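J.: Build me a model from this:
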Amino acid sequence: MSDLAKLPVTVITGFLGAGKTTLIRHLMQNPQGKRLAIVVNEFGDVGVDGDILKSCAIPDCPAENIMELSNGCICCTVADDFIPTIEALMKLEPRPDHILIETSGLALPKPLLKAFDWPDIRSKITVDGVIALADAEAVADGRFAPNVAAVDAQRAADDSLDHETPLSEVFEDQISCADIILLTKTDLAGPEGVAKARAVIEAEAPRKLPIVETSEGVVDPRVILGLGAAAEDDMDARPSHHDGHDDHEHDDFESIVVDIPEISDPADLVARIEAMANAQNILRVKGYAAVAGKPMRLLVQAVGARVRQQYDQPWGDAPRQGKLVVIAEHDDVNPDAIRAALVG
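T.: Numbering: from 1, shown residues only. The predicted structure follows:
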């Protein structure tokens, strides 16, 4: 890449647990000869996603090319965090060929695109494309992008869903801003669920968008990189619920960090997370735990009551201290109940 060429950036957005980190790991392992750099925007105080990606670092994407922004939503901390991070990545030697930005699940992508018009970087960076990940099973259930029929059905079943939730607005904004939709976890949704999810997304999209089905984050990098969308110059085609506002708030959401003592039985922790999610309407849990007698760290990730676990890396010299980040809508957060549910 010549020094005069704009550095392409791909924004990877999607709701909590849609599979963004899994996708980036796949891209890291299949870089198509490109030297990658990655920006991870955490919602919470524990850099779980950054740790996952750094553990997968390879010569084409070394650990120093992976940077975390943990001081809040990436589109709300542009001047303090985002711009300096992009500038630091551009100064790396050798210079990255492509930057991937993993937004938090709660981020609105359009304000982030506006950041690329900042004088310090607009002549050096271009948004190659916005990739929105959508959980096929969740979308098929009508939880994040309800049409009229789905909203009516939910209202009849649950009085607490008598209005459009902030979650649906986030989802709709992500779809509206995207160049390509990746429909993830299609194996869990099944053919009927995938068809329903496609119909919901097509109804929400402001223009016809490609929808690509994926499983476990596997997709040909040529499909989503090198789009040349110049999304920062195409803002009018990407409507948002927040058009006309200079910023947005995340007061609808709250994250709680819970220290987890060493455990003896991972199944017990999984059962605790499932019970807590069912009882308290938890959106997301992610973090890790130390298991007695095991040298490897247990990585735990949950979307609602669906929990996944795996041993991801040795503890080494790091303290064997488990931590979980629990994310819920603000009105549903009871920190004492959450800690009691997880620790006892």
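J.: what's the neighbour count on residue 35?
T.: Neighbour count of residue 35, defined by other Cβ atoms under 10 Å: 17. Just so you know, the C-beta spots here come from the backbone N, C-alpha and C atoms, and that holds for glycine as well.
J.: quick one: it and residue 125, what's the gap?
T.: 16 Å (Cβ to Cβ, to the nearest Å).
J.: quick one: pLDDT of residue 163?
T.: Residue 163 carries a pLDDT value of 35.
J.: do the one 4 residues further on as well
T.: Model confidence at residue 167, given as pLDDT, is 70.
J.: Name the residues of the strand or helix carrying it that are buried.
T.: Using DSSP states H and E, residue 167 sits within helix 166-177. Residues of helix 166-177 classed as buried by neighbour count (16 or more other Cβ atoms under 10 Å): 166-177.
J.: who does the helix or strand following that helix pair up with?
T.: Counting by DSSP H and E, the next helix or strand C-terminal to helix 166-177 is strand 180-184. Using DSSP bridges, the strands paired with strand 180-184 are strand 125-135 (parallel), strand 211-213 (parallel).
J.: Could you list the low-confidence segments of this structure?
T.: 1-4, 16, 42-65, 67-81, 106, 119, 143-166, 241-253, 329-332 (pLDDT under 70).
J.: residue boundaries of the strands in it?
T.: For the chain, the strands defined by DSSP state E cover 7-14, 36-41, 66-69, 98-102, 125-135, 180-184, 211-213, 253-260, 284-289, 296-303, 306-314, 322-329.
J.: Any idea how far the first one is from the middle of the chain?
T.: It refers to strand 7-14. 12 Å (Cα atoms, centre = their mean, to the nearest Å).
J.: packing partners for it?
T.: If contacts are counted by 3 or more Cβ pairs under 8 Å, 6 or more residues apart in numbering; DSSP states H and E, strand 7-14 sits against helix 20-29, strand 98-102, helix 109-115, strand 125-135, helix 166-177.
J.: Apply 7 Å and report the result again.
T.: Packing partners of strand 7-14 (3 or more Cβ pairs under 7 Å, 6 or more residues apart in numbering; DSSP states H and E): helix 20-29, strand 98-102, helix 109-115, strand 125-135.
J.: Could I get these in CSV, plus columns for mean neighbour count and distance to residue 282?
T.: Converted to CSV, the helices and strands packed on strand 7-14 look like this (neighbours: other Cβ atoms under 10 Å; distance: least, Cβ to Cβ, whole Å):
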stretch, mean neighbour count, distance to residue 282
helix 20-29, 20, 19
strand 98-102, 25, 21
helix 109-115, 22, 24
strand 125-135, 25, 16
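J.: Please convert those to a markdown table, extending it with distance to residue 184.
T.: As requested, the helices and strands packed on strand 7-14 are exported to a markdown table (distance: least, Cβ to Cβ, whole Å):
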| stretch | distance to residue 184 |
| --- | --- |
| helix 20-29 | 8 |
| strand 98-102 | 14 |
| helix 109-115 | 17 |
| strand 125-135 | 5 |
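J.: right, so of those, which gets closest to residue 41?
T.: Each of those has some distance to residue 41 by Cβ to Cβ; the shortest is strand 98-102, at 6.5 Å.
J.: Per the annotation, how does the chain divide into domains?
T.: For the chain, automatic domain parsing gives the domain ranges 7-237, 253-343.
J.: Buried deepest among those domains, which one?
T.: With neighbours defined as mean count of other Cβ atoms under 10 Å, the domains of the chain peak in mean count at domain 7-237, which reaches a mean of 19.
J.: And residue 103, how far from residue 20?
T.: Distance from residue 103 to residue 20, counting by Cβ to Cβ: 8 Å.
J.: Find residues that contact each of those two.
T.: Taking Cβ atoms under 7 Å, 6 or more residues apart in numbering as the criterion, residue 103 and residue 20 both touch residue 12.
J.: what's the distance between the helix holding residue 167 and the middle of its chain?
T.: 13 Å.
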